[in-house]
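> got a sequence here, can you model it:
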Amino acid sequence: MSLLFELAAVNTYRGAAHVLRAVSLAVNEGETVCLVGRNGAGKTTTLETAIGLLSVRSGTIRLRGQEITRMPTHDRARRGIGYAPEDCGIFPDLTVAENLQIGRWLATDKGDGGAVDERIAALFPEIEQLLPRRGLNLSGGQKKMVAISRAMALAPSILLLDEPFEGLAPVVVSRFIDAARKIKGMGISLLIAESNVTNAARVADRLYAIDRGEIIFAGDPRRALDNEEVMKTIRG
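Numbers count the residues shown, from 1 in each chain. Predicted coordinates for the structure are as follows:
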């Protein structure tokens, strides 16, 4: 596998707080990587740093070998980094169709309308029926669906998903895990921040565990599950 995306010795602050401490991680072409840790461990900060919502104090971020550490968020999106935040970021007064259109605008600079992308329809067939509905009127699961679909509308090479399984019923979690597998099958890499290590192990090719802003484990998900110290730290 060839290296697609990496953070190398990244330090990130939120105000005066030093949150990420020399974090290094990598995602290869066609690979699903999960970043696991308890609440406040640094997962969201890692993804927000990766997409450019937070600036790096030191360290580097690279996409396909090119440094993008100081690149604005919208340029990272145009270069193929899709992002679905934990709160979904759905525009409440826009329809689902209009929310998806924003992704198309970033991807093509054209914004022509039309039906749902075939790849999105393959992941979430019900999106077609949701197109006229305003974001305000979506359930939590539907918002996650739209957030992922909007990121997919960018035609990304890598998707950053922040807690995509959080707050969902077990049967719906299985549905989203199946969607993640389908996304990988389309040749798109994924970096998923996830609190539940068991769910992460169901989808990840490799796993990183983070605690207090430091990577404490990197490797096979099954090894993480068998590591009592890592599991104790993750579960608090």
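> quick one: least confident helix or strand in this structure?
Ranked by mean pLDDT, DSSP states H and E, the weakest helix or strand in the chain is helix 96-108, scoring a mean of 84.
> how about residues contacting it?
With contact meaning Cβ atoms under 8 Å, 6 or more residues apart in numbering, helix 96-108 is reached by 74, 77-78, 82, 90-91, 110-113, 116, 120, 127, 130-135, 138, 146, 149-155. Quick note: C-beta positions are derived from backbone N, CA and C, even for glycine.
> please state the offset of it from the chain centre?
Centroid separation between helix 96-108 and its chain, computed with Cα atoms, centre = their mean, to the nearest Å, is 18 Å.
> do I have it right that residue 5 meets residue 190?
No: judged on Cβ atoms under 8 Å, residue 5 makes no contact with residue 190 at a distance of 10.4 Å.
> what is the mean pLDDT for the longest helix seen in the chain?
Looking across the chain with DSSP state H, the single longest helix is helix 170-185. Helix 170-185 shows a mean pLDDT of 94.
> orientation of whichever helix or strand comes after that helix relative to helix 170-185 in degrees?
For helix 170-185, the following helix or strand on the C-terminal side (DSSP states H and E) is strand 189-194. Orientation check (axes from the mean of the first three to the mean of the last three Cα atoms, to 10 degrees): strand 189-194 against helix 170-185 gives 150 degrees.
> strand 189-194 - contacts with which helices or strands?
strand 3-14, strand 17-28, strand 32-36, helix 43-51, strand 158-162, helix 170-185, helix 197-203 (3 or more Cβ pairs under 8 Å, 6 or more residues apart in numbering; DSSP states H and E).
> could you dump these to JSON lines with mean neighbour count?
Below are the helices and strands packed on strand 189-194 laid out as JSON lines (neighbours: other Cβ atoms under 10 Å):
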{"stretch": "strand 3-14", "mean neighbour count": "18"}
{"stretch": "strand 17-28", "mean neighbour count": "18"}
{"stretch": "strand 32-36", "mean neighbour count": "25"}
{"stretch": "helix 43-51", "mean neighbour count": "24"}
{"stretch": "strand 158-162", "mean neighbour count": "25"}
{"stretch": "helix 170-185", "mean neighbour count": "16"}
{"stretch": "helix 197-203", "mean neighbour count": "20"}
